[in-house]
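**Student:** Below are the sequence and a predicted model; questions follow.
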Amino acid sequence: MTQCGHQEHDFIDDDRTLNSHATMRIACLLPSATDICVALGLSDSIVGVTHECDIRSVLESQSQPNYENGSNKVQILTSSGFNDGNKHSQAEIDARVKTESKILNASAESINSLYPICKEAFHAARPTIVLTQDLCSVCAPCPKDVNNMLREVGRGMDDDEEVVVYSLDPHSLMDVADTFVAVAKICGVPHRGQILKDEFVSNLNALRDIVTKERNNDENIKQKKILLFEWLDPPYDGGHWIPDMIEIVGCQVAKAGDKLGSKKSKQFTWDDVYASDPDVVLVACCGFDLERNKKDATLASSKLRPMRAAQNGRVYVCNGDLNFARPGPKLLGGAAAIARCAFDGDRDVVRALEGLNFMKSTSFEWERVPIELLKNGTVCDIEDIADMKDFDAAHKAACDNGKMTYTDPDSGYEVFTELAHKRRGKCCGSGCRHCPFNHKNVKDKASKIKQPAFLYEGEGRGALKKTLHAADNVKILFFSGGKDSYLAIRALYRKYYQNDKSFALILLTTFDSVSRTIAHQEVHINNVIKQATHLNLPLIGVPMHRGSSEPYVERIRRAVNLVSEGLNCMHKISSLCFGDLHLEHIRSWRESEVSKLGFELEYPIWKLPYVDLVLDLEKSGADIVVSASTEIGVQVGDVFDNFLSQRAEKLGMDGFGENG
């Protein structure tokens, strides 16, 4: 839903200190500054804005449109360091911002932000007042950038005409309100600033009072715990003024990770997100409009899906750029959007909110993400890898033509090719789709890797290298995290390890690249990593992409090459092993296709009697629990033992679950 409006102020100007509109020339180097100046009735004095500002609101509110000979006199003072930010994924943007931040922090010299000031436009604007910020040295020009530019164009510093550079640095919602007064004073209209602040605070309090009143009248209206995503990949929650916005509308901030007591936006893990267990989730990513946030929320559906809020249909997208990222008057719309989403379904609260006078003239956008989008994820398996649009062909064509990027056919984003990564020369740590460095620098591999990589290398530093160096008989077991592959491990160790101390076993697990889940087992890759860690066996993760036509065998070849590179020779890999029991069509397929890799295929528990297998499970002492079931009579969570196996057979099922 979109609530659109435009609130203007007809100030009766009793500010006698107002600079002449003919002499005061304001340059706004961040969108919130433009919003504040427009709200203060200073549009006629604005001579420059950023490429991200709402220039239409400036022109529409000018008393006389600022045109001269058909040329707009309001200069666009910045440009984007990205060719087109909307074509890049959130992970790519995050990696670029982090790289730029490191460069800026490490350099003693002035380096432009991702949005540098355009020298020619700045010179043409000839500002006398420059409004900038000091919250982020990467995302917008800072005072140091402005002063350097003033020196370059030969104005300011020693010139007769003074140029005032003022930095906005709000950290809370009330800090934002105070900037209205500060900007107004600098521009000579202090009374206007106080009026704007008082109205802003009054409307926020009206939101708070409505929610408080309705909750007091109906005890069934509970306080909602809200998690607002400022970024999804990797996840960040909203900081600075965002917690205040949540709390002022009668809601509680869902704390993720070690955020307790902190109001700064901070990166955290998806496990932190799940532990915070919010009632309502808002996706309002910084700088993105409603449509982009809707698109990214859909792409992140596998991450959002496990949350209680998602299961209850309480995930919403908002216009992060308009109502949350700009610390100005439009934050009122953000608070209204939070309240409207938080109490969506509480008719009395919604009716009361919509009855507030300012709601009709306040611009804000929100929309519920249909629960179907969050529940329709499917797990990718051998036979359905190419269900979605094929990016592998697009990538291959781009590499063949020497291109650094290609357009993903499913999302429309620009994706770096393997050539681009090789030119960089190292893994950037973001889990890129075509990383040629085995995701060496990725910290959260379970969540991020797109190519085969070791998810566990053994206990202790250098454990994998030591294992491979000492091994002459290496076997790779296709490991699903289930009981069959666990039994295969036990069988292989009984057969080889007692007589061959150079024997080494490496686990290989394929999983869906979106849901990070193993097909049919419904087991998350994190659980398999825990199993490998407990067993102290190296584990290779192989993400299977739904949107790629890359053959399954070629995908496995990439994984096997990781082992052969560590061994410095291929012949030490003696066989590929499988925990198949008796399904002939699966074994036949492996013999036909996987054998093309050139290794012996081994089936250590093939056709062994079920009674022997159950006995071996009992001897192991491991707890075996049903993780997925397609049959009535066996439920997820049931303990698998001899009793359950016999009961399944009596119900007409396979006693080991081979057929479901």
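**Tutor:** Yep, it's here.

**Student:** Give the buried residues for the longest helix belonging to the chain.
**Tutor:** Counting residues, the longest helix found in the chain (DSSP state H) is helix 190-217. By 16 or more other C-beta atoms under 10 Å, the buried positions in helix 190-217 come out as 190-193, 195-197, 199-201, 203-204, 207-208, 210-211, 214-215. Every residue, glycine included, has its C-beta placed from N, CA and C.

**Student:** What of stretch 269-289?
**Tutor:** Those would be 269-270, 272-273, 276, 278-289, for stretch 269-289 by 16+ other C-beta under 10 Å.

**Student:** What's the per-residue pLDDT of the residue nearest to K596 when sequence neighbours are not counted here?
**Tutor:** Once flanking residues are discounted, K596 sits nearest to V553: 5.7 Å by C-beta to C-beta, 6 or more residues apart in numbering. pLDDT recorded at V553 is 89.

**Student:** Given the top strand by length along the chain, what are its sheet partners and their directions?
**Tutor:** Counting by DSSP state E, the longest strand found in the chain is strand 503-512. Sheet pairing for strand 503-512, assigned by DSSP bridges, gives strand 473-478 (parallel), strand 539-544 (parallel).

**Student:** Could you say which one of these comes nearest to L332?
**Tutor:** Closest of the strands paired with strand 503-512 to L332 is strand 539-544, at 43.3 Å (criterion: C-beta to C-beta).

**Student:** The residue nearest to S515 when sequence neighbours are not counted - how many residues pack around it?
**Tutor:** Of all residues not flanking S515 in the chain, S302 sits nearest, at 4.4 Å (C-beta to C-beta, 6+ apart). S302 is flanked by 16 other residues according to other C-beta atoms under 10 Å.

**Student:** Could I get the phi/psi values of S302?
**Tutor:** phi -70, psi -30 (degrees, to the nearest 10).

**Student:** doesn't V514 make contact with it?
**Tutor:** Yes. Using C-beta atoms under 8 Å, S302 makes contact with V514 at a distance of 4.5 Å.

**Student:** For stretch 274-283, give the mean pLDDT please.
**Tutor:** Computed over stretch 274-283, the average pLDDT equals 91.

**Student:** What is the longest helix of the chain packed up against?
**Tutor:** Other elements packing on helix 190-217 under the criterion 3 or more C-beta pairs under 8 Å, 6 or more residues apart in numbering; DSSP states H and E are helix 173-186, helix 242-248, helix 331-342, helix 347-354.

**Student:** can I get those helices in CSV with mean pLDDT?
**Tutor:** Below are the helices and strands packed on helix 190-217 laid out as CSV (pLDDT from 0 to 100):
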stretch, mean pLDDT
helix 173-186, 96
helix 242-248, 95
helix 331-342, 94
helix 347-354, 87
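
**Student:** Who are the contact partners of G320?
**Tutor:** E230, V283, A284, C285, C286, G287, F288, D289, N293 (C-beta atoms under 8 Å, 6 or more residues apart in numbering).

**Student:** now K119
**Tutor:** M149, E152, V153 are the contacts of K119 under C-beta under 8 Å, 6+ apart.

**Student:** And S79, by the same measure?
**Tutor:** H51, Y115, P116, C118.

**Student:** same deal with L613?
**Tutor:** Per C-beta under 8 Å, 6+ apart, neighbours of L613: L487, L581, I605, F656.

**Student:** could you pull out the strands for the stretch 351-500 of the chain?
**Tutor:** Along the stretch 351-500 of the chain, counting by DSSP state E, counting those that start in this stretch, strands occupy 364-368, 405-407, 414-416, 453-456, 473-478.

**Student:** Tell me which of the ones you listed sits nearest to E522.
**Tutor:** Going by C-beta to C-beta, the one of these nearest E522 is strand 473-478, 17.4 Å.

**Student:** any residues touching that closest one, and which ones?
**Tutor:** For strand 473-478, using C-beta under 8 Å, 6+ apart, the contacting residues are 468, 485, 488-489, 492, 496, 500, 502-510, 540, 560, 563, 567, 572-579, 602.
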